[in-house]
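Colleague: Here is the input, now give the coordinates:
(2 chains)
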Amino acid sequence: QKEVEQNSGPLSVPEGAIASLNCTYSDRGSQSFFWYRQYSGKSPELIMFIYSNGDKEDGRFTAQLNKASQYVSLLIRDSQPSDSATYLCALHTGGFKTIFGAGTRLFVKA
Amino acid sequence: DAMVIQNPRYQVTQFGKPVTLSCSQTLNHNVMYWYQQKSSQAPKLLFHYYDKDFNNEADTPDNFQSRRPNTSFCFLDIRSPGLGDAAMYLCATSGGTTRGNQPQHFGDGTRLSIL
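Modeller: Next up, the predicted model:
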């Protein structure tokens, strides 16, 4: 079983809609969770991090964490074409190790 | 602006010819990481430094080495690149707690091609 699982997509949403990206993980000891955005050919850029169960909002982005069910999600409200990218879920597994998922490709149609 | 800078952005080398990739940071972070990322795959951690303490991932090939001469600079040396080493190499930094759970800040990456 992969440590971090994401649907590879592509997830296609119309402009202005809510994009919902999901991630499940296997390590119950994980305490810190991150969402990175990666444009094609570019490096990952931090979007959100969340440490506690529940929701965390930052502008158009909301991260949701449910440790009991071992999933973390990212909602993007009012999606824009510029949000089209690959979104990587990552989690801290202990020490200085962060495990990344392979990402979900999001395509926002104008 | 504080940042992570990788040089060069693109590197072409010949099969078996040693190559060095560099990373510098102005964030004054004490942790620096090197990742390898192949197309449509997750970044794979090769190693990291916590200050001068070097930590190698168990599955990192011996062909890959790293040096960190000071806080600001870190180098990735590939001693004898093979065709399978063609990838994007990402340098990242994070700030310093011993728990290591801080977000990472990435450089723009170096895309390595092997002829």
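
Colleague: Flag every buried residue along stretch A:92-102.
Modeller: Under the neighbour-count criterion of 16 or more other Cβ atoms under 10 Å in any protein chain shown, stretch A:92-102 has A:His92, A:Thr93, A:Phe96, A:Thr98, A:Ile99, A:Phe100, A:Gly101, A:Ala102 buried. For the C-beta atoms, the positions are set from N, CA and C on the backbone; glycine is no exception.

Colleague: farthest pair in those?
Modeller: Across those, no pair lies farther apart than A:Phe96 and A:Ala102, at 21.1 Å, counting by Cβ to Cβ.

Colleague: re earlier: which among the buried residues of stretch A:92-102 are in contact with chain B?
Modeller: Counting by Cβ under 8 Å from any Cβ of the partner chain, A:His92, A:Phe96, A:Thr98, A:Ile99, A:Phe100, A:Gly101, A:Ala102 from the buried residues of stretch A:92-102 sit close to chain B.

Colleague: Dump these into TSV; add secondary structure and pLDDT as well.
Modeller: Written out in TSV, the entries for those read as follows (DSSP: H, G, I helix; E, B strand; the rest coil; pLDDT from 0 to 100):
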residue	secondary structure	pLDDT
A:His92	strand	87
A:Phe96	coil	82
A:Thr98	strand	88
A:Ile99	strand	91
A:Phe100	strand	94
A:Gly101	coil	95
A:Ala102	coil	94
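
Colleague: Good, we can wrap up now.
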